[in-house]
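Asks: build the 3D model from these lines:
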Amino acid sequence: MSATVDVNVLLYSSDESSPFHAKARELIERLASEADLVYLFWPVLMGYLRLATHPAIFPRPLSVGTATANVEQLLSLPHARTAGEGEGFWRVYTATTSGIIVRGNLVTDAHLAALMRENGVGTLWTHDRDFRKFDGLRVRDPFA
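Replies: This next block holds a predicted model:
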């Protein structure tokens, strides 16, 4: 079985002031120690770098070096895989969004949902309930 995480889980795991920090950190540590594949999609990793280092988002943003080291630590896991869009991505994206009005912030969620489908990843760990709009995804909230 394979899983992935949304950017909010990565952000909470780095934000010690968040009430979700301990559970996010626990999930990341559990995923790191298990043998199941963990997919790290580039839009999520780039979103993490963008938001974790942004002074308008966090009162004490991470330094670029710390945020980059966090990503490198995840990428170094022997069971971690990165993936991006393949040749048929647009077809998968339009199938994923069929019957759903996708605009604004939901575009990013649809992008991740389509990447998951394209790469055969079934489980998404996220606090974002919008992912429940996409059929075929197993959405798990580590904070519920």
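Asks: how close does the residue of the chain most remote from its centre sit to residue 132?
Replies: The C-alpha centroid of the chain is most remote from residue 99, which lies 23.4 Å away (Cα atoms, centre = their mean). Relative to residue 132, residue 99 is positioned 14 Å away (Cβ to Cβ, to the nearest Å). (Each C-beta comes from the backbone N, C-alpha and C, glycine too.)
Asks: residue 28 now?
Replies: Distance from residue 28 to residue 132, by Cβ to Cβ: 22 Å.
Asks: those two - which one has more neighbours?
Replies: residue 28 (22 against 12; other Cβ atoms under 10 Å).
Asks: which positions in stretch 79-90 come out as buried?
Replies: 83, 85 (16 or more other Cβ atoms under 10 Å).
Asks: so what's the residue count around residue 98?
Replies: 9.
Asks: do you know the pLDDT at it?
Replies: Looking at residue 98, its pLDDT is 96.
Asks: helix or strand for the nearest residue to residue 43 once chain neighbours are set aside, which one?
Replies: Of all residues not flanking residue 43 in the chain, residue 111 sits nearest, at 5.8 Å (Cβ to Cβ, 6 or more residues apart in numbering). If you go by DSSP states H and E, residue 111 is part of helix 106-119.
Asks: with residue 139 instead?
Replies: strand 138-140.
Asks: helices and strands around that strand, which ones?
Replies: The contact analysis (3 or more Cβ pairs under 8 Å, 6 or more residues apart in numbering; DSSP states H and E) places strand 138-140 against strand 123-125.
Asks: by contact count, what packs against the strand it packs on?
Replies: Secondary-structure packing of strand 123-125 (3+ Cβ pairs under 8 Å, 6+ apart): strand 2-5, helix 106-119, strand 138-140.
Asks: contacts only, for the nearest residue to residue 27 once chain neighbours are set aside.
Replies: Nearest non-adjacent residue to residue 27, counting by Cβ to Cβ, 6+ apart: residue 142, 4.5 Å away. Contacts of residue 142 were listed using Cβ atoms under 8 Å, 6 or more residues apart in numbering, and they are 9, 23, 24, 26, 27, 125, 127.
Asks: ok, which pair from those residues is furthest apart?
Replies: Within the contacts of residue 142, two members stand farthest from each other by Cβ to Cβ: 26 and 127, at 14.0 Å.
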